[in-house]
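[1] Coordinates for the following, if possible.
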Amino acid sequence: MPTVSSPAPLDVPRGLKGVIVTETSLGDVRGGEGFYHYRQYSAVELARTRSFEDVWHLLFHGELPNAAERAAFAERIAELRRLSPDLAAALPAIARSGALSGPLAGLRTALSLFGGAAGLRPLYDIDADRRRADALAACAVVPTLLAALYRLGQGWDPVAPRDDLPHAANYLYMVTGQEPDPARVRAIEQYLISTIDHGFNASTFTGRAIASTGADLVACLVGAVGALSGPLHGGAPSRALDTLDAIGTPDRIDGWVRDRVLAGERIMGFGHPVYRTEDPRSRMLREIAQGIGGPLVDFAVQVEERVEAILAELKPGRELHTNVEFYAGVVMELCGLPRAMFTPTFAAARVVGWSANILEQAEDPKIIRPAARYVGPPPPRPVPAALD
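    All right, here's what the predicted structure looks like:
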């Protein structure tokens, strides 16, 4: 009987850049156009015109809610924000153990405890309604966990969530402990909406890969949080603001930037693996920052202009513009969020996108199992005798 050889493996770009690995109805990023969308709607237009709860409903249920659906959805989210007594009691120890690494590291442990206490079962073993209910509960509790871990890490008491506040306002309230200013709330809400989802980024792909094994929802989210924590993914907003601090004054911009670029260093907040035009999130956040105004905003705009000009000079032919992290840091700083909470705030939004992707992946029975090309010493070689 003739043997059937396996097909030759498909060569793909490093990092899987541009490789289509599945189909999705959640949205897409069209980097050449500087456009991205959630389902059939422009993500930026949604951020400008709708609430966080509306967009959350869109991703989970496939459509924007009417007034009655919006009210019911918001009420359900408010109920799910509260921590169980056992989980709340465990947070001080988690905050102490993660004092140096911050709330995002603590979230991995806290989420695991939440999943265990809630009895979350593998995605493979439950139906779509149960999966969606688990996802809603996890997304609702993540901002509460992050805010509590931050405050405990500062030696302060956590602030309990309020049922009367919308999602973004409640988040700001739990972090700061102060009645949120409506203008700041809206700025943060627009940031949160703009970062809910963004194609098959590293953390979303990680969550989907875990979901393809049939693992429980929290296992998928913990993996996604781990991916987001890397400075090349979600860890850049505070680093971009640190860049402004390091430059200090307008007269230092050119020299500081040239030195870094010529040394081969990356300027945090600039460049994106997908966009070859201006990042539409950055454009919107710049407008939000300029609407608030102040010296920090004016300086950020000056730095942006000079960095882009110097990059165009020193790296001709490459389109390098600000990405979402640059003005995200500015907006969050203006709204009173501490820098330790910049990436956690990103996670408080992205957990909704992760969960929507996990729910979609759970409908596909095929496990994600790519291959790698072996480049080590040629096998097989004799195994050397063990030394006495």
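[2] And this structure, what are its domain boundaries?
    Residue ranges for the domains of the chain, per automatic domain parsing: 40-230+340-361, 237-334.
[3] Turn those domains into JSON lines, including mean pLDDT.
    Below are the domains of the chain laid out as JSON lines (pLDDT from 0 to 100):
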{"stretch": "domain 40-230+340-361", "mean pLDDT": "96"}
{"stretch": "domain 237-334", "mean pLDDT": "85"}
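[4] Point out the most buried one among those domains.
    The highest average neighbour count among these, using mean count of other Cβ atoms under 10 Å, belongs to domain 40-230+340-361 at a mean of 20. C-betas here are computed from N, CA, C, even on glycine.
[5] any chance of the domains of the chain in JSON lines, plus distance to G376?
    Compiled in JSON lines, those are given as follows (distance: least, Cβ to Cβ, whole Å):
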{"stretch": "domain 40-230+340-361", "distance to G376": "24"}
{"stretch": "domain 237-334", "distance to G376": "28"}
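[6] how about the ones you listed, which one is nearest G15?
    G15 lies closest, by Cβ to Cβ, to one member of the domains of the chain: domain 237-334, at 7.7 Å.
[7] any idea how far the closest one is from the chain center?
    19 Å (Cα atoms, centre = their mean, to the nearest Å).
[8] same question, stretch 90-99
    With Cα atoms, centre = their mean, you get 22 Å for stretch 90-99.
[9] Dump the C-alpha coordinates for that stretch into PDB.
    Provided in PDB are the C-alpha atoms of stretch 90-99 (Å, rounded to 0.1, in the frame of the first residue of the first chain):
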ATOM      1  CA  ALA A  90      -8.100  37.300  50.100                       C
ATOM      2  CA  LEU A  91      -7.200  40.600  48.400                       C
ATOM      3  CA  PRO A  92      -5.000  42.200  51.100                       C
ATOM      4  CA  ALA A  93      -2.600  39.200  50.900                       C
ATOM      5  CA  ILE A  94      -2.600  39.300  47.100                       C
ATOM      6  CA  ALA A  95      -1.900  43.100  47.100                       C
ATOM      7  CA  ARG A  96       1.000  42.600  49.600                       C
ATOM      8  CA  SER A  97       2.600  39.800  47.600                       C
ATOM      9  CA  GLY A  98       2.300  41.800  44.400                       C
ATOM     10  CA  ALA A  99       3.300  45.200  45.900                       C
END
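[10] Give me the contacts around that stretch.
    Stretch 90-99 has contacts (Cβ atoms under 8 Å, 6 or more residues apart in numbering) with 83, 103, 105-106, 109-110, 113, 145, 148-149, 152-153, 158.
[11] change it to 6 Å
    Outside of stretch 90-99, the residues within contact range by Cβ atoms under 6 Å, 6 or more residues apart in numbering are A105, G106, T109, A110, L113, A148, L149, L152, G153.
[12] what does stretch 121-133 give?
    The contact list for stretch 121-133 (Cβ under 6 Å, 6+ apart) reads G214, A215, D216, L359, A362.
[13] ditto for stretch 271-286
    Contact with stretch 271-286 is made by 29, 31-32, 34, 44, 194, 319-324, 327-328, 331, as judged by Cβ under 6 Å, 6+ apart.
[14] What about those, which are in helices?
    V44, S194, V324, Y327, A328, V331 (DSSP state H).
[15] Go through these and say which is closest to Q178.
    If you rank the ones in helices among the contacts of stretch 271-286 by distance to Q178 using Cβ to Cβ, V331 comes first, at 17.8 Å.
[16] Who are the contact partners of the closest one?
    When the contact criterion is Cβ under 6 Å, 6+ apart, the partners of V331 are A187, Y191, L285, I288, A289.
[17] The last one contacts V330, doesn't it?
    I take that to be A289. Yes. If you go by Cβ atoms under 6 Å, A289 and V330 touch, sitting 4.8 Å apart.
[18] among the contacts of stretch 271-286, which two are most distant?
    G32 and V331 (26.2 Å).
[19] how far away is N66 from P180?
    For N66, the distance to P180 equals 26 Å [Cβ to Cβ, to the nearest Å].
[20] cool, and Y124?
    For Y124, the distance to P180 (Cβ to Cβ) stands at 41 Å.
[21] can you check M341 too?
    Separation of M341 from P180 (Cβ to Cβ) stands at 14 Å.
[22] ok, now A105?
    A105 sits 26 Å away from P180, going by Cβ to Cβ.
[23] residue contacts, the spatially closest residue to R350 that is not a sequence neighbour?
    Spatial nearest neighbour of R350, excluding adjacent residues (Cβ to Cβ, 6 or more residues apart in numbering): T195 at 6.0 Å. Residues near T195 by Cβ under 6 Å, 6+ apart: F346, A349, R350.
[24] Look up which helix or strand the second one falls in, please.
    Per DSSP states H and E: A349 is located in helix 342-361.
[25] Next: R286.
    Residue-wise, R286 maps onto helix 280-292 under DSSP H and E.
[26] who touches the helix or strand following that helix?
    Following helix 280-292 in sequence order, the next helix or strand is helix 295-314 (DSSP H and E). Helix 295-314 is contacted from outside by P250, I253, V257, V261, I267, F270, A289, Q290, L320, T322, V330, using Cβ under 6 Å, 6+ apart.
[27] any idea which element the nearest residue to P103 once chain neighbours are set aside lies in?
    Nearest non-adjacent residue to P103, counting by Cβ to Cβ, 6+ apart: L149, 4.1 Å away. Using DSSP H and E, L149 falls within helix 128-153.
[28] do the same with A169
    Taking DSSP H and E as the definition, A169 sits inside helix 167-176.
[29] what angle do that helix and helix 342-361 make?
    Interaxial angle of helix 167-176 relative to helix 342-361 (axes from the mean of the first three to the mean of the last three Cα atoms, to 10 degrees): 140 degrees.
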